[in-house]
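1. model this:
(chains A and B)
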Amino acid sequence: MHTTAKTFVSTLTGLAMLVLAPGIAPANAASAGWDFCGTTGADWSTSTQGRSGTVTVTGDCAIKANWRIDVYVNGEYWATSSGSVNVSEGHQLRTSVPTMPKPNDKRGNYTYAKITYSAGQTWKNVHEEDLGYLPCKGCTT
Amino acid sequence: MRARAVLSAAAALALVPVATAPPAQATPELSWRCGEISVHYTFDNDQTGGWWVVNTSMNCTPDKWPKRYTNEISPRPFEGKYLLFEHTGYVNQGYDKTIIIDATPAAAKKSVCVKAKSILYFPDNKNEAASKDKNSCFKTAAP
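-> Numbering: from 1, shown residues only, chains lettered A, B, ... in the order given. Predicted coordinates:
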């Protein structure tokens, strides 16, 4: 009984410390002052009348960085891709979207791309590019 | 003895959810924070043409602590002039701003970008306590 109680207590302390640790992190991670990369545009292209397609993001980077594109459709996380990019002006990043859902708005599927550039341990630039309502012919599900 | 072992095992099992539940709720909740920045744009029009209603809303808590908000709204490609360029001093409330932007012809391929940031400061030494930022761009052609 004693040992059980002891392990139990130490587990609790362990959990408590786990709770503390991530709590401290956000305050530090929040200070991302420098725009080392930025987006300059985003477009949607489709050859299937909107049932599938490609999101192309253009951007600039002052340093070599990692990138990640997350595509959200009708508020739902839908597609992603990632890679790295060199110092560049007018680079193009792409995410392929294999399927699109049935629009719940007559204008189409409301879509935006969230682009995260990161470098080193803490540098991060996040940009959102709205693609608007993308019409679809034959999206059924 | 055996009955006791079983009992304590049952007790331990019963305790497991109790032990795991609180951390799930308590996880990263600092008592001070800046909330997610919301940027909304909605299109409207009448016989004279179309426009976008752009709203930026930010908030940090606790209410009593000082915060500063910046909101820079610019056309893209940039034409040398911001549509809104606002950097507040220390304030004790949230931020909410709505501006109207004319729609552009589709062929012009123009966008507008909202760059917003909220910073919360510790009240005693004015060191930065938390912050959030958001860059959000949308095409200004009438949908």
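2. from now on I want contacts and neighbour counts done on CA atoms only, so please keep to that.
-> Fine.
3. which non-adjacent residue is nearest the residue nearest the centre of chain A?
-> Central residue of chain A (CA atoms, centre = their mean): residue A:70, 3.6 Å from the mean position. Once flanking residues are discounted, residue A:70 sits nearest to residue A:80: 4.5 Å by CA to CA, 6 or more residues apart in numbering or on different chains.
4. can I take it that that neighbour is in a strand?
-> Yes - counting by DSSP: H, G, I helix; E, B strand; the rest coil, residue A:80 is part of a strand.
5. thinking again about what came up before, residue contacts, the residue nearest to the centre of chain A?
-> A:77, A:78, A:79, A:80, A:81, A:113, A:114, A:115 (CA atoms under 8 Å, 6 or more residues apart in numbering or on different chains).
6. can you give me the strands for chain B?
-> Assigned by DSSP state E, the strands in chain B fall at B:33-34, B:38-46, B:49-58, B:60-61, B:67-76, B:84-87, B:95-102, B:111-121, B:128-139.
7. now do the domain split for chain A, please.
-> Using automatic domain parsing, the domains assigned to chain A come out as A:1-31, A:37-134.
8. for these, give me JSON lines that also has distance to residue B:49.
-> Converted to JSON lines, the domains of chain A look like this (distance: least, CA to CA, whole Å):
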{"stretch": "domain A:1-31", "distance to residue B:49": "41"}
{"stretch": "domain A:37-134", "distance to residue B:49": "19"}
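9. quickly list what the residue nearest to residue B:81 when sequence neighbours are not counted is bridged to.
-> Counting by CA to CA, 6+ apart, residue B:81 lies nearest to residue B:74, which is 7.1 Å off, once chain neighbours are set aside. Beta bridges link residue B:74 to residue B:113, judged by DSSP bridges.
10. now do the contacts for residue B:74.
-> With CA under 8 Å, 6+ apart, residue B:74 has these contacts: B:81, B:82, B:83, B:84, B:112, B:113, B:114.
11. how near is it to chain A?
-> Applying CA to the nearest CA, to the nearest Å, the value for residue B:74 to chain A is 12 Å.
12. lowest-confidence helix or strand of chain B?
-> Across the helices and strands of chain B, mean confidence by mean pLDDT, DSSP states H and E is lowest for helix B:2-26: a mean of 46.
13. which stretches in chain A count as helices?
-> A:2-29 (DSSP state H).
14. so, low pLDDT: which residues of it?
-> For chain A, applying pLDDT under 70 flags the ranges A:1-33.
15. how many residues are close by residue B:140?
-> Residue B:140 has 26 neighbours, counted by other CA atoms under 10 Å in any protein chain shown.
16. ok, residue B:105 next?
-> Neighbour tally, residue B:105, other CA under 10 Å: 12.
17. what sits against the closest residue to residue B:98 other than its chain neighbours?
-> Leaving aside its sequence neighbours, residue B:98 sits nearest to residue B:55 (CA to CA, 6+ apart; 4.3 Å). Contacts for residue B:55 (CA under 8 Å, 6+ apart) come out as B:38, B:39, B:40, B:41, B:96, B:97, B:98, B:99.
18. apply 6 Å and report the result again.
-> B:39, B:40, B:97, B:98 (CA atoms under 6 Å, 6 or more residues apart in numbering or on different chains).
19. run through the bridge partners of it.
-> The partner residues for residue B:55, given DSSP bridges, come to residue B:40, residue B:98.
20. distance of it from chain A?
-> 15 Å.
21. do you know the pLDDT at that residue?
-> The score at residue B:55 is 97. That number is its pLDDT.
22. sorry, back to before: widest-spaced pair of the contacts of residue B:74?
-> Maximum pairwise distance in the contacts of residue B:74, criterion CA to CA, is 13.6 Å, between B:81 and B:114.
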